[in-house]
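Asks: below is the sequence, then the predicted model.
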Amino acid sequence: MNVVVGISDMRVSREPEDVLVTFALGSCVGLTLYDPTTRTGGMIHSMLPLSKIDAAKAEKNPFMFVDTGVMLFIQTLFDMGVEKKNLIAKVAGGSKIMDDKGVFNIGERNHTVLRKVLWKNNILVSGEDVGGSQARTMYLNMETGRTTLKMSGQEKEL
């Protein structure tokens, strides 16, 4: 069953029939974390790098921001019994959609903050597809732990 992860949203699961999916990852970043020993994992779709630009919005929806959202995502998985040493991390997004001249660099900044948060938590990224100028759809199959992307009608595994 497809479980949709919206923009500024996060979902976790341990149901083998679930496939987590997020659409239209442009400058936003998507992160999947999966523990193959417990078959528990999740996905987050964050829109902006740092919560300090709007503390009220960050408090209302921490998943909107990479810094607050990813920390809450990681903690949620730990609360479900996931161990950090087992986590497999995959990253997608961070495109330069509607920012051809690199004025805002939202995609690049999202990716940089995401990598820093994961690094500070000793979580290594085992696969990523970031940058460029196209949107991606990201899937996490809870039964197998496979993270796949669809871009321009093509599918590939991370």
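Replies: That came through, no problem.
Asks: nearest spatial neighbour of the residue nearest the centre of the chain, skipping sequence neighbours?
Replies: With distances taken as CA atoms, centre = their mean, the residue of the chain nearest its centroid is Leu31 (1.9 Å). Nearest in space to Leu31, with sequence neighbours left out and distances taken as CB to CB, 6 or more residues apart in numbering, is Ile44 at 5.1 Å. In short, each C-beta sits where N, CA and C put it, glycine included.
Asks: in its sheet, which strands sit next to the helix or strand containing the one you found, and in what direction?
Replies: Per DSSP states H and E: Ile44 is located in strand 40-46. Here strand 40-46 is paired, per DSSP bridges, with strand 9-13 (antiparallel), strand 29-35 (antiparallel).
Asks: contacts for it?
Replies: 5-14, 20-22, 25, 28-35, 63-66, 69-70, 73, 76-77, 80-82, 110, 114, 138, 140, 142, 145 (CB atoms under 8 Å, 6 or more residues apart in numbering).
Asks: redo that, cut-off 6 Å
Replies: 5, 7, 9-12, 14, 20, 22, 28-34, 63, 66, 69, 73, 80, 82, 140 (CB atoms under 6 Å, 6 or more residues apart in numbering).
Asks: same check, this time on stretch 109-122
Replies: Contact partners of stretch 109-122, identified using CB under 6 Å, 6+ apart, comprise Val29, Pro49, Val66, Asp67, Val70, Gly94, Val130.
Asks: torsion angles phi and psi at the second one?
Replies: Listed backbone geometry of Pro49 is phi -70, psi -50, with angles given as degrees, to the nearest 10.
Asks: do the third one as well
Replies: Here the main-chain torsion angles of Val66 (degrees, to the nearest 10) amount to phi -60, psi -50.
Asks: how about the contacts made by it?
Replies: Ser46, Pro49, Asn110, Val113, Leu114.
Asks: from those residues, which is closest to Leu124?
Replies: For the contacts of Val66, the residue nearest Leu124 by CB to CB is Leu114; the value is 12.7 Å.
Asks: element containing that closest one, please.
Replies: Assessed by DSSP H and E, Leu114 sits inside helix 106-120.
Asks: give the buried residues for that helix.
Replies: Across helix 106-120, burial judged by 16 or more other CB atoms under 10 Å covers Ile106, Gly107, Glu108, Arg109, Asn110, His111, Val113, Leu114, Arg115, Val117, Leu118.
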